[in-house]
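Engineer: Let's see this in three dimensions:
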Amino acid sequence: MDYWIPKKAHLNDRTLREETVPAGVRVIEDWAYAGCKNLTKVSLPDTIESVSSKAFAGCEALREMHIYPASDGAAGDPDKQISHLLALSVRAWPAGTQELIRKAIEAEKEEDCSIFQDPFDALLSAYLEEPDDAGFAPFLAGGEEDYDGEENDVDAFVRKKREEKVHLIYERMRIFPDHAEWMLAFLKKHRCGAAFTFLLREEPYMRQYMDLFFRLRIPEAEDVQTLLSLCAEDVELRSRVLGIRAQAGPDTDPFDALGL
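Structural biologist: Predicted coordinates:
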C-alpha cells in the first residue's frame, strides 16, 4: 500500500465531505486536501509522522479531526474529546498542523488530552494578539487561484477571523474547563458577547457554549438585545437570556438599558 497522500491528491475537490486516511499512511504532502471546502471530517491513523502545513489549507468547513489507532486496521469510533478543537486549530494555524496532530496522537495514545493543552494555549495566545486583518490575501493553492464569494472582502475576512477566535476560546474552555485570564480579557476587551451569537449555529456543542457564555458573566445590554432577537423561537435560550437579570447585581444589570 502507499505510505503517503501525494501532493494535490484531492485539491479543490468540492465533493469530498469525509475522509479516512488509511492505516499505515505516514506522510500527507502539500495541498493534498487544500481547497476541499465541503470537507467536514477527517480520520487520521496514529502512524502519521509528517503533515504539510499546506495539506488542509482552505478547508473552511473542517469540524472534526479524529485520531484512530492504526493497529486496529481501520478507523473506529475513537475518543472525540479533542477532535473538534484539533480541527479548528488546523484551520486557524496551518503552520502548526504537524505539531498539533503529533500532540493529538500522543494524547490519544496516553489517554490524556491535557497533553494537547499546552501547545494549543501557546498558539491561541499568539493568535489572539494577531491583528484581525493579518494574512488577508486571495486563497492560493500551488499557484492556482480559487476565488469564492467573500474571499476578496477584507471586512468579511476580519469578521470571520474574530468569530474564529471566539470559537477557539469557547471550544478550549469546553474541553479544558479551567480558563486563563488572558482569554477572558480578550472576550471583554473586544466585546465578544455579541460575537458569541454565531455559535448558536454550532450543533452539537451549542448548548455547552451557551452554558459557558452565561457562566462567564460577561454579557452586556447590547449582547442581551442581540441574543433576544435571535432566540424568539428558542424557549430555552430565551429563558436563559432573561435569567441574566436574576444573576446580575443592581449596578450591573444589563437589562436596565433595555427597559426589561
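
Engineer: Now do the SS call for residue 84.
Structural biologist: helix (DSSP: H, G, I helix; E, B strand; the rest coil).

Engineer: Use 38 as the first number for this chain going forward.
Structural biologist: Let's use 38 as the start, then, which means that last one is residue 121.

Engineer: For residue 106, which residues are in contact?
Structural biologist: Neighbour list for residue 106: 82, 83, 115, 145, 146 [criterion: Cβ atoms under 8 Å, 6 or more residues apart in numbering]. Heads up, the C-betas are built off the backbone N, CA and C, glycines and all.

Engineer: distance of residue 76 from residue 61?
Structural biologist: 21 Å (Cβ to Cβ, to the nearest Å).

Engineer: Same drill for these two, tell me which one is more crowded.
Structural biologist: For residue 76 versus residue 61, neighbours defined as other Cβ atoms under 10 Å are more numerous around residue 76 (24 against 13).

Engineer: okay but that one is in contact with residue 101, surely?
Structural biologist: No - if you go by Cβ atoms under 8 Å, residue 76 and residue 101 don't touch, sitting 10.2 Å apart.

Engineer: next SSE after the worst-scoring helix or strand of the chain on mean pLDDT?
Structural biologist: Least confident helix or strand, the chain: strand 181-182 with a mean of 48, by mean pLDDT, DSSP states H and E. Next along the chain after strand 181-182, taking DSSP states H and E as the criterion, comes helix 191-212.

Engineer: Can you list the neighbours in contact with that following helix?
Structural biologist: Outside helix 191-212, the residues touching it (Cβ under 8 Å, 6+ apart) are 118-119, 121-122, 125-126, 128-129, 150, 157-158, 161, 164-165, 169-170, 173, 187-188, 216, 220, 223-224, 227, 229, 232-233, 235-236, 239, 242, 245-246, 249-250.

Engineer: Okay, buried residues for that helix please.
Structural biologist: 194, 197-198, 200-210, 212 (16 or more other Cβ atoms under 10 Å).

Engineer: what's the closest of these to residue 272?
Structural biologist: Checking the buried residues of helix 191-212 against residue 272 by Cβ to Cβ gives residue 207 as the nearest, at 22.5 Å.

Engineer: which one among the contacts of residue 106 gets closest to residue 43?
Structural biologist: Scanning those for proximity to residue 43, where the rule is Cβ to Cβ, the winner is residue 82, at 16.8 Å.

Engineer: you'd agree that closest one is up against residue 65?
Structural biologist: No - Residue 82 is beyond contact range of residue 65, at 10.9 Å (criterion: Cβ under 8 Å).

Engineer: what's the overlap in contacts for those two?
Structural biologist: The contact lists of residue 82 and residue 65 share residue 58, where a contact means Cβ under 8 Å, 6+ apart.

Engineer: quick revisit: and the contacts of residue 106, which is closest to residue 41?
Structural biologist: Distance to residue 41 across the contacts of residue 106 (Cβ to Cβ) is lowest for residue 82, with 12.3 Å.

Engineer: List phi and psi for the closest one.
Structural biologist: phi -80, psi 160 (degrees, to the nearest 10).

Engineer: Excluding chain neighbours, give the residue nearest to it in space.
Structural biologist: Take residue 82 and drop its neighbours on the chain: the residue closest to it by Cβ to Cβ, 6 or more residues apart in numbering is residue 107, 3.8 Å away.

Engineer: From residue 243, how far out is that neighbour?
Structural biologist: According to Cβ to Cβ, residue 107 stands 33 Å off from residue 243.

Engineer: now do residue 82
Structural biologist: Going from residue 82 to residue 243 by Cβ to Cβ gives 31 Å.
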